[in-house]
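>>> After the sequence you'll find the predicted model.
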Amino acid sequence: MDTTPAKPQLREQFRNVIRVNHYSIRTEKTYWYWIRYFLRYHRMRHPLEMGPAEGSEFLTWLAVSRQVAAATQNQALNALVFLYGKVLGRPLCDIGDTVRAKRPARIPTVLTHSEATQIIGLLPEPHKLIASLMYGSGLRVVEACRLRIKDIDFDRQIITVRSGKGDKDRITLLPASLIEPLCARRARIQRAWREQDAFYQCDASLPYALRRKYPNAARALE
């Protein structure tokens with residue numbers, strides 16, 4: 001009887017490798033989206049049956065036929081480089097004939113402080129507080145939404161960002177104007193959590209193996 005374990009599917013191989021390398025969940029989803037797009041474009045051929053020529057053809061099609069932005073084409077390229085280099089062990093050595101999407105030279109639109117505060121003031125809570133954190137502390141959307149009570153130091157007026165871009169931690173400033181609304185928000189959350197409000201009984205996001213190590217941490221107040 002053959003006891004050789006079945007070879008994992010490409011999706012499982014990809015997931016295992018990208019998580020061992022500690023890429024973010026958003027990067028994992030984005031990369032897999034482009035890998036699936038690449039496979040569908042080539043009529044579901046296995047990537048081991050293809051190489052730089054097929055990769056170049058796909059990226060050129062994105063730029064010429066789909067007219068994607070340069071950043072979008074680079075994202076697809078990074079996904080293919082990861083797939084072949086990290087997952088399959090066959091790096092894409094030469095895709096030099098790829099038509100690259102051009103990045104237009106445009107002057108960025110920058111809101112004045114008055115314009116930014118006016119827009120933020122039109123938002124309902126808690127979106128207003130989230131946007132204020134992004135504007136005042138330089139947090140990204142995911143960082144602001146995943147912010148934990150324990151990561152806000154009101155005395156020193158700093159915020160500790162855990163597992164930010166590139167899986168790096170960093171410290172940023174907490175604007176004095178946000179201390180009062182954040183304290184009020186914290187008090188409401190603590191009260192609702194103690195009253196077992198159904199909205200606050202859902203699990204929080206935990207990185208890597210913490211959910212297994214601390215089964216109750218996902219629903220702890222802090």
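Great, that's in hand. Only a predicted model underlies this, so the values are computations on that prediction, with no experimental measurement involved.

>>> How about the secondary structure of the residue nearest to the spatial centre of the chain?
Geometric centre of the chain, nearest residue: residue 26, 3.1 Å, by Cα atoms, centre = their mean. For residue 26, the assignment made with DSSP: H, G, I helix; E, B strand; the rest coil gives helix.

>>> Isn't it up against residue 141?
No - taking contacts as Cβ atoms under 8 Å, residue 26 lies outside contact range of residue 141: 10.0 Å. For glycine as for every other residue, the C-beta is placed from the backbone atoms N, C-alpha and C.

>>> circling back to that earlier point, please give me every residue in contact with the residue nearest to the centre of the chain.
residue 142 (Cβ atoms under 8 Å, 6 or more residues apart in numbering).

>>> For residue 18, see how far away it is.
11 Å (Cβ to Cβ, to the nearest Å).

>>> just residue 166 next, same as before
14 Å.

>>> How about residue 42?
For residue 42, the distance to residue 18 - Cβ to Cβ - is 21 Å.

>>> So for those two, which sits in the more crowded spot?
Taking other Cβ atoms under 10 Å, residue 42 and residue 18 do not tie; residue 18 has more neighbours (20 against 16).

>>> who touches the more buried one in this structure?
27, 28, 31, 82, 86.

>>> mind putting those residues in JSON lines, distance to residue 200 included?
Shown next, in JSON lines, are the contacts of residue 18 (distance: Cβ to Cβ, whole Å):
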{"residue": "27", "distance to residue 200": "29"}
{"residue": "28", "distance to residue 200": "27"}
{"residue": "31", "distance to residue 200": "32"}
{"residue": "82", "distance to residue 200": "37"}
{"residue": "86", "distance to residue 200": "39"}
